[in-house]
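Enquirer: Turn this into a structure:
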Amino acid sequence: MRLAVASLCFCSLAGAGEIPAGAHVALQLVNSVNTRTAQEGDYVYLRTASPIAAGGHVLVPVGSYVQAVVSRAHHSGRVSGRAELAIRIEALTLPEGKMIRISPHLSSVDAAGSGQKVDAREGDIKQPPGHEADAARVATTAGTGAAIGGIAERSWSAAGIGGAAGAGAGLAVVLLTRGKEVELHQGATVDVVFDRPVPID
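Expert: Below you'll find the model as predicted:
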């Protein structure tokens, strides 16, 4: 994913120390969080991975601390339901120790090959449905069952029975196996967008 540098402009002297609405900034996870263990209310810590600058001056340098909290965590189900994670970003701490209340929304996340992404409508991170993988798993197991049945009995009828048994076993594996969890590892990057101006001075 891209690391966006928020370029701010001075519209007036009054807005000189202000993060404008629509600004993007990349944040990097300090601690890991996943839907397997996360609970509502857990803290998530991040650092700015790109600076926020305006008029040739850096307002928020790289490495500034950001505090967030898990607002919803739902682990994946065995039969239905996919993993979902929502985090609410609450505060930015500048190097000199000043804390500023912020509430940007998530725009994108580092999927790390997992397929997880931000749901633009709800603002949380979700894993995609696993229906195609489930169907492939059932088909593979069914084919193996058919092959074993045919070899054992040397007949097509036995192969059919083996295939049915294999499909049943494949379905059982799908029902007993949970889908992928949403996981944000330490060092993973998320991109956030500010919905309203935030005064820095």
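
Enquirer: Show me what V192 bridges to in the sheet.
Expert: Beta-bridge partners for V192, by DSSP bridges, are V25, L106.

Enquirer: That one against V109, yeah?
Expert: No - assessed by CB atoms under 8 Å, V192 is found out of contact with V109, at 10.0 Å. (Glycine included, C-beta is placed from N, CA and C.)

Enquirer: what sits against D119?
Expert: By CB atoms under 8 Å, 6 or more residues apart in numbering, the contact set of D119 is 125-126.

Enquirer: From V60, how far off is I100?
Expert: For I100, the distance to V60 (CB to CB, to the nearest Å) stands at 9 Å.

Enquirer: what's the answer for A21, then?
Expert: Distance of A21 to V60, given as CB to CB: 16 Å.

Enquirer: Looking at these two, which is more packed in?
Expert: Higher neighbour count among A21 and V60: V60, with 26 against 12, using other CB atoms under 10 Å.

Enquirer: ok, now how distant is that one from G115?
Expert: 31 Å.

Enquirer: what ranges of this structure fall below the confidence cut-off?
Expert: 1-16, 54-55, 77-81, 113, 129-179 (pLDDT under 70).

Enquirer: for it, what spans make up the helices?
Expert: Taking DSSP state H as the test, the helices found in the chain are 131-153, 156-176.

Enquirer: For E40, list the residues it contacts.
Expert: By CB under 8 Å, 6+ apart, E40 lies in contact with 70-73.

Enquirer: Break the chain down into its structural domains.
Expert: Using automatic domain parsing, the domain ranges for the chain come out as 6-128+179-199, 131-176.
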